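In: Got a predicted structure here, sequence first:
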Amino acid sequence: MICAMRAIAVNALTAAMLLVVPVLGNAGSTEKEGSASRRLSLDSLIDVHGQLSAWSIQNRDKGSWFNRSGLRYIPQISCKKAIGGDRFVEASIAANGYVAYETVDQDRDPELELYRFSVRYATPQSEVRIGLQKINFGPAYLLRPLRWFDQLDPRDPLQLTDGVYGLRYTYYTPDNAGLWAWVLYDNDRLKGYEAFRTASGKPEIGLRVQYPVWDGEIGATFHTRKADAPGLADRGFTENRYALDGRWEPGIGIWFETVHQEQTAKGYPYRWQQMVTAGLDYTFGIGSGLYFLLEHMVVAISDSPFQWDHDAHFTAFSFSYPVSLFDSLAAIGYYSWVTKDYCQYLSWQRTYDGIVVQLSGFHYPQSQTNGLESIQTAIGAGYGAQLMIIYNH
């Protein structure tokens, strides 16, 4: 049975396609998913593009070698039509098709699933979008308390993440203040750091406000939902999230994210969970410019919103350096102060016109109970290497 949100999105997308197709002109580039641009171009009416990628991962864990290889193609088509002045309506759809081989599971069938599917109405300062879309915000990069609706991993050159079904409104003032509001519905997968799925048939509602402060920006976010916890006596309980974040650049970049999450379930051992990250970055004048980023996160649980009964600390860093016009090096490390585990990742990337080749090596603790896998999704335990080739058209 198709849920109401998906039915609305399908009907809206069909109407937008019928509106745009009769007047298709010259094809050109359109704004891609996740762009930070708030002034949107009206240069094109249709855009068809795609991404083909192939990968192979070899890793050794617990005394054995494992192989994971695959092929993925993500085609996307978008249609856009101006409806007066700087306003326009755009419909877009993308699929995610892949086939993979794994040493453990050699009989995996090819998969094809909907990746993005949305309609948006945009003006120079506002946007309304409905459908399957990506929603992410916050200044943190490696350790992200505000990773509420995505699974973005900084080590993934494809930057893949599942979307969420919902209706989202954004508005920006001329001085760069912003308002976000959203209603999500029928998202039955775990999102971000969620321990419990959202209760079936229950909407999720959220609001975010961003405002310029000094030479940077500060943001406040709220989200509420009904969670479904089959193992608890109070199976359907309310979960509220309160967040504050900010970023400034007084010579170096500095930022923070803090989230207080309230679980109202009866019998739940701790009512509150806190996640706090502080970070900084700086580009050193060495050669072509050595970029350095450092973040530290504290995760705590307690019975009150500002008390830490039990806490865990994580530190992460990254370096990147453009060796040449086509080549770049990057390194990422994660450290758990509780288990003393250290994860290391190093990559070399070469970029051509439309083609990216990346070779990376990694070393992760063989134990999968260190907590780091909940911070970022590991590409493999133990140590190993990955080769990925990406073609964009």
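Out: Thanks, I have it. Numbers count the residues shown, from 1 in each chain.
In: From now on I want contacts and neighbour counts done on CA atoms only, so please keep to that.
Out: Noted.
In: So for the closest residue to A229 other than its chain neighbours, what's the pLDDT?
Out: Once flanking residues are discounted, A229 sits nearest to R235: 4.6 Å by C-alpha to C-alpha, 6 or more residues apart in numbering. R235 is assigned 77 on the pLDDT scale.
In: pLDDT score assigned to Y171?
Out: pLDDT, Y171: 98.
In: Just the CA coordinates for the one helix or strand V89 maps to, please, in PDB.
Out: According to DSSP states H and E, V89 maps onto strand 88-102. C-alpha atoms of strand 88-102 as PDB (Å, rounded to 0.1, in the frame of the first residue of the first chain):
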ATOM      1  CA  PHE A  88      10.400  28.100 -10.800                       C
ATOM      2  CA  VAL A  89       9.200  24.600 -10.200                       C
ATOM      3  CA  GLU A  90      11.500  21.600 -10.600                       C
ATOM      4  CA  ALA A  91      10.900  17.900 -10.500                       C
ATOM      5  CA  SER A  92      13.800  15.400 -10.100                       C
ATOM      6  CA  ILE A  93      14.100  11.600  -9.800                       C
ATOM      7  CA  ALA A  94      17.200   9.400  -9.200                       C
ATOM      8  CA  ALA A  95      17.700   5.700  -8.900                       C
ATOM      9  CA  ASN A  96      20.400   3.700  -7.200                       C
ATOM     10  CA  GLY A  97      21.300   0.400  -9.000                       C
ATOM     11  CA  TYR A  98      24.100  -1.800  -8.000                       C
ATOM     12  CA  VAL A  99      25.500  -5.300  -8.000                       C
ATOM     13  CA  ALA A 100      28.000  -6.500  -5.400                       C
ATOM     14  CA  TYR A 101      30.200  -9.500  -4.600                       C
ATOM     15  CA  GLU A 102      31.200 -10.400  -1.100                       C
END
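In: for it, packing partners?
Out: helix 4-20, strand 64-82, strand 111-122 (3 or more C-alpha pairs under 8 Å, 6 or more residues apart in numbering; DSSP states H and E).
In: now that strand against strand 111-122, angle please.
Out: Calculated by axes from the mean of the first three to the mean of the last three C-alpha atoms, to 10 degrees, strand 88-102 forms an angle of 160 degrees with strand 111-122.
In: what angle separates strand 88-102 from strand 64-82?
Out: 170 degrees.
In: Quick check: buried residues in strand 88-102?
Out: 88-98, 100-101 (16 or more other C-alpha atoms under 10 Å).
In: Next, format those residues as CSV and append distance to G206 and pLDDT.
Out: Shown next, in CSV, are the buried residues of strand 88-102 (distance: C-alpha to C-alpha, whole Å; pLDDT from 0 to 100):
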residue, distance to G206, pLDDT
F88, 25, 94
V89, 24, 95
E90, 24, 96
A91, 24, 97
S92, 24, 97
I93, 25, 97
A94, 25, 98
A95, 27, 97
N96, 28, 96
G97, 31, 96
Y98, 33, 93
A100, 36, 89
Y101, 39, 87
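In: for the residues you listed, which one is nearest P124?
Out: Proximity of these to P124 (C-alpha to C-alpha) peaks at F88, which lies at 9.6 Å.
In: In this structure that closest one contacts T123, no?
Out: Yes - between F88 and T123 there is a contact under C-alpha atoms under 8 Å: 6.8 Å.
In: Packing partners of the helix or strand containing F319?
Out: Assessed by DSSP H and E, F319 sits inside strand 310-322. Strand 310-322 makes packing contacts with strand 290-302, strand 327-336 when contacts are defined by 3+ C-alpha pairs under 8 Å, 6+ apart.
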